[in-house]
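Asker: Requesting a structural model of the entry that follows:
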Amino acid sequence: MSRQVIIIDYDIGNVASVQKAFTKLGVGVKISSRIDDLETSDYIVLPGVGAFKDGMDNLKRLNLIEILRKRILVDKTPFLGICLGMQLLAKSSSEHGTHQGLGWIDAQVERLSENKNIRIPHIGWDDVELRQSNDRLFSGVEDLCFYFVHSFVMKPHDPGIVTSYCEYGEKFVSSIRQGNIFAIQFHPEKSQKSGLKLLDNFLNLGA
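Answerer: Numbering: from 1, shown residues only. Now for the predicted structure:
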């Protein structure tokens with residue numbers, strides 16, 4: 001049976017590269033903000049590069065918050081948040097003021113610590129350290145090096161949902177899982193072989 005991935009189109013970031021990555025894996029994929037597409041999707045992906053407030057404002061403007069809550073929190077559709085899409089899951093962010101997030105994850109989003117020896121934003125390839133060596137999202141990923149572009153990070157209150165960390169001036173959370181919700185701070189669509197393997201694992205995990 002064919003599987004359908006919906007990549008949420010909410011005018012934040014380049015979603016085409018995420019679509020291209022999933023297409024390489026042979027799965028049906030569509031960029032959409034249509035309610036009926038979200039109702040019938042097998043997987044939902046929220047990518048994004050940009051400001052937290054803009055992301056939330058756009059989700060509200062497109063009337064997507066309630067349908068996403070239903071499909072992900074009630075129907076338990078497998079969900080992947082990427083970069084800003086990870087941060088929007090938190091309760092709030094301190095980026096350019098204090099702004100409310102989706103609140104699905106008990107966490108705050110804060111700026112990476114200033115350090116004269118590093119540059120903000122964090123841009124480029126970096127290694128991640130798995131919290132558990134047998135984490136299924138990273139299963140079979142031989143090179144745990146991924147591409148990052150960000151200035152802010154998620155700080156969950158429950159360390160039990162953290163699946164990996166990265167070090168850049170400070171140790172920060174680079175991926176989480178809470179039930180059917182997966183989220184990663186790095187960009188798998190820009191991370192070549194390792195990123196494609198991770199996306200393939202996501203498609204085969206289920207809730």
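
Asker: for the chain, what spans make up the strands?
Answerer: In the chain, strands defined by DSSP state E lie at 4-8, 28-32, 43-46, 79-82, 92-93, 99-100, 107-111, 122-130, 145-150, 152-156, 162-167, 171-178, 181-184, listed in chain order.

Asker: for Ser191, phi and psi?
Answerer: For Ser191, the backbone dihedrals are phi -110, psi 20 (criterion: degrees, to the nearest 10).

Asker: hang on, it packs against Tyr147?
Answerer: Yes: between Ser191 and Tyr147 there is a contact at 4.8 Å, judged by Cβ atoms under 8 Å. For every residue, glycine as well, the C-beta is placed using N, CA and C.

Asker: before we move on, the earlier item: could you dump the strands of the chain into TSV with mean neighbour count added?
Answerer: Formatted as TSV, these follow (neighbours: other Cβ atoms under 10 Å):
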stretch	mean neighbour count
strand 4-8	23
strand 28-32	16
strand 43-46	25
strand 79-82	26
strand 92-93	20
strand 99-100	16
strand 107-111	20
strand 122-130	15
strand 145-150	20
strand 152-156	21
strand 162-167	18
strand 171-178	21
strand 181-184	26
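
Asker: Please report the confidence value the model assigns to Gly206.
Answerer: According to the predicted model, the pLDDT of Gly206 comes to 55.

Asker: do the same with Val141
Answerer: We have a pLDDT of 96 for Val141.

Asker: Can I get the strands of the chain in JSON lines including mean pLDDT?
Answerer: JSON lines is the format used below for the strands of the chain (pLDDT from 0 to 100):
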{"stretch": "strand 4-8", "mean pLDDT": "96"}
{"stretch": "strand 28-32", "mean pLDDT": "96"}
{"stretch": "strand 43-46", "mean pLDDT": "98"}
{"stretch": "strand 79-82", "mean pLDDT": "98"}
{"stretch": "strand 92-93", "mean pLDDT": "98"}
{"stretch": "strand 99-100", "mean pLDDT": "98"}
{"stretch": "strand 107-111", "mean pLDDT": "97"}
{"stretch": "strand 122-130", "mean pLDDT": "97"}
{"stretch": "strand 145-150", "mean pLDDT": "97"}
{"stretch": "strand 152-156", "mean pLDDT": "98"}
{"stretch": "strand 162-167", "mean pLDDT": "97"}
{"stretch": "strand 171-178", "mean pLDDT": "97"}
{"stretch": "strand 181-184", "mean pLDDT": "98"}
